[in-house]
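Q: Fold the following.
(chains A and B)
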Amino acid sequence: MTAVPVAAPVSAPPSSAPALVPGAPPPATVFADVWRGIGRENPVLVQFLGMCPTMAVTNVLANGLAMGIATTFVLVGSGLFVSLFRKYIAHEVRITSYILIIATFVTLADMLLAATFPDISKALGPFIPLIVANCLLLGRAEAFAAKVPVHRAVADGFGMGMGFTLSLCLLSTIREVLGKGSILGHDLFGPRFEPWVFMMMPPGGFLTLGIALLGLAWVMELKKRRALVTA
Amino acid sequence: MSNLAWIFVSTLLVNNFTLVMFLGLCSFFGVTAKVETAWRLGLANTFVLILTALSAWVLNTFVLARTPFLRTIAFIVVIASVVQILEMALKKYIPVLFRQLGIYLPLITTNCAILGLALFQTSRSYTLVEGLVFALGAGFGLTLALSLMASIRERIELTDVPAVARRMGLVLVIASCLSMAFMGFAGMGSAE
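A: From the prediction side, this is the model:
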């Protein structure tokens, strides 16, 4: 939720042995690294990272999906490079270096999207370059990719990206179905459907995520109670 | 002149950066637990926004005209440096303010409102004066949204809320209501 990751108190530059890096995440299989981003540490629904794109582009499913895929691309790319160069980046300039790596991949994603899907690129507007300022990217670079071998950093980037994409798809599906009565532009309910325009407007974004979070908290609460009863 | 006034009012209310354009939501949800800090962060942001508008204009006019593909990278690096320089200058010359802002100053670098301002300023091709007024409106708009949210959250602390809504869910629903209220300003006209 905070804009900058809580930096582990690292005083010395990362040493050569990965196991000795202070604050390094515990060893896990690649599968676990991927799965964590989708489930328990979901960036949107659990960690509240990257809220701006989550709200701003989820009015129709196509936009949410494009945003999710672009962010995944940047997460995987920056994870790969941050992890590759983790032994050469001096501690004092690490945040700037991560930002530069991220900005390079964002520029790539921006150009690729503009070349392949010009309509979506136009609809997303400045929100693709704004991926740079998505706290999720800097957070994963600082807290994870800089401290683990390359394959784990890529797996984590992919998992986080997928978790992000899935949450965005969930929100944008709800908003598109209610606000436009369509899904991916295909009409669902016929001409007699009165679209709930509110869902397409900014307040609808806040409300959809708010209700999703309330529902999630309610399910968790029920689970906890059931566990108490059975115990 | 009326154009400048319109840019100011439009960014302050009609297209409020936080509540209507969804920029700077991290700080909107992260540091709005107390009115005092929200207020200070808003003003710090305003200051950085004005500096950013200035540097974005310099970059656009003298550097990026021939190399538009470097825009994202150039903006973010310049913003990071501006924040860093501001931090050092404050520490040296106004240590009181520096201590009061504390951790919020470096946090501003990853606030998407700052980068968003630079990008919007470019896409709308504002002149230097227009850009500065735009930054002022955006900064005051952020401060307004942050203090409104913080005031409401301070009240919620004292009320009996269901356990399920204790966390972010309720805050988001409140944000939705605030945003809805700001949609009312849309009657004043559209942005452009």
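Q: Spatially nearest residue to the residue nearest in space to the middle of chain A (excluding sequence neighbours)?
A: In chain A, the C-alpha nearest the mean C-alpha coordinate belongs to residue A:164, at 3.6 Å (C-alpha atoms, centre = their mean). Spatial nearest neighbour of residue A:164, chain neighbours left out: residue A:43 (5.0 Å); criterion: C-beta to C-beta, 6 or more residues apart in numbering or on different chains. Just so you know, the C-beta spots here come from the backbone N, C-alpha and C atoms, and that holds for glycine as well.
Q: Identify the residues contacting the nearest residue to residue A:68 once chain neighbours are set aside.
A: Closest residue to residue A:68 in three dimensions, ignoring its sequence neighbours and counting by C-beta to C-beta, 6+ apart: residue A:165, at 2.8 Å. For residue A:165, the contacting residues are A:65, A:68, A:69, A:71, A:72, by C-beta atoms under 8 Å, 6 or more residues apart in numbering or on different chains.
Q: change it to 7 Å
A: By C-beta atoms under 7 Å, 6 or more residues apart in numbering or on different chains, the residues touching residue A:165 are A:65, A:68, A:69, A:72.
Q: Of the residues you listed, which is the nearest to residue B:12?
A: If you rank the contacts of residue A:165 by distance to residue B:12 using C-beta to C-beta, residue A:68 comes first, at 32.1 Å.
Q: Could I get the full set of strands for the chain?
A: Unless you meant another one, I'm taking chain A. In chain A, the segments counted as strands under DSSP state E are A:182-183, A:186-187.
Q: that's the wrong chain, I wanted chain B
A: Along chain B, no segments are classed as strands by DSSP E.
Q: Sketch out the low-pLDDT regions of it for me.
A: Judged by pLDDT under 70, chain B has its weakly predicted residues at B:1-2, B:101-103, B:189-192.
Q: Residue numbers of it in contact with chain A?
A: Taking C-beta under 7 Å from any C-beta of the partner chain, the part of chain B that reaches chain A is made up of B:19-20, B:22-23, B:25-27, B:29-30, B:69, B:72-73, B:76-77, B:80, B:106-107, B:110-112, B:115-116, B:119-120, B:123, B:163-165, B:167-169, B:172-173, B:175-176, B:179-180, B:183.
Q: Pull out the buried members of those.
A: B:19-20, B:22-23, B:25-27, B:29-30, B:72-73, B:76-77, B:80, B:106-107, B:110-112, B:115-116, B:119-120, B:164-165, B:168-169, B:172-173, B:175-176, B:179-180, B:183 (16 or more other C-beta atoms under 10 Å in any protein chain shown).
Q: The residues you listed in helices, which ones?
A: Filtering these for membership in helices, criterion DSSP state H, returns B:25-27, B:29-30, B:72-73, B:76-77, B:80, B:106-107, B:112, B:115-116, B:119-120, B:168-169, B:172-173, B:175-176, B:179-180, B:183.
Q: Number of residues surrounding the residue lying closest to residue A:150 once chain neighbours are set aside?
A: Residue nearest to residue A:150 in three dimensions, not counting chain neighbours: residue A:83, with 4.7 Å by C-beta to C-beta, 6+ apart. Around residue A:83 sit 24 other residues, with neighbours defined as other C-beta atoms under 10 Å in any protein chain shown.
Q: list the contacts for residue A:83?
A: Going by C-beta under 7 Å, 6+ apart, residue A:83 touches A:145, A:148, A:149, A:150, A:153.
Q: again, but for residue B:149
A: Contacts here follow C-beta under 7 Å, 6+ apart; on that basis residue B:149 touches B:28, B:32, B:38, B:175, B:178.
Q: Please identify, among those, the one with the most neighbours.
A: Ranked by neighbour count (other C-beta under 10 Å), these have residue B:175 at the top, with 30 neighbours.
Q: returning to that earlier point: select only the buried ones of the contacts of residue A:83 in ChimeraX?
A: Written as a ChimeraX command, the selection of buried residues from the contacts of residue A:83, which uses 16+ other C-beta under 10 Å, is:
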select /A:145,148,153
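Q: what angle sits between the helix ranked longest in chain B and helix B:168-183?
A: Secondary structure of chain B per DSSP H: the longest helix is helix B:128-157. Between the direction of helix B:128-157 and that of helix B:168-183, the angle (axes from the mean of the first three to the mean of the last three C-alpha atoms, to 10 degrees) works out to 130 degrees.
Q: so how many other residues sit close to residue B:160?
A: Residue B:160: 5 neighbours (other C-beta under 10 Å).
Q: Relative to residue B:166, how far out is it?
A: Distance of residue B:160 to residue B:166, given as C-beta to C-beta, to the nearest Å: 11 Å.
Q: repeat for residue A:99
A: Using C-beta to C-beta, one gets 34 Å for the distance from residue A:99 to residue B:166.
Q: do residue B:71 as well
A: Here the criterion is C-beta to C-beta. By it, residue B:71 lies 42 Å from residue B:166.
Q: out of those two, which sits in the more crowded spot?
A: Under the neighbour definition other C-beta under 10 Å, residue B:71 and residue B:166 were set side by side, and residue B:71 has more, 21 against 12.
Q: hang on, isn't the more buried one packed against residue B:64?
A: Yes: contact criterion C-beta atoms under 7 Å: residue B:71 and residue B:64 qualify, at 5.7 Å.
Q: List the contacts of whatever residue of chain B ends up closest to chain A.
A: For chain B, the nearest residue to chain A under the criterion C-beta to the nearest C-beta is residue B:172, separated by 3.1 Å. Under the criterion of C-beta under 7 Å, 6+ apart, the contact partners of residue B:172 comprise A:206, A:209, A:210, A:213.
Q: for the longest helix along chain A, which positions count as buried?
A: Looking only at chain A and at elements set by DSSP H, the helix with the highest residue count is helix A:150-180. If you call a residue buried by 16+ other C-beta under 10 Å, then helix A:150-180 has these buried ones: A:152-180.
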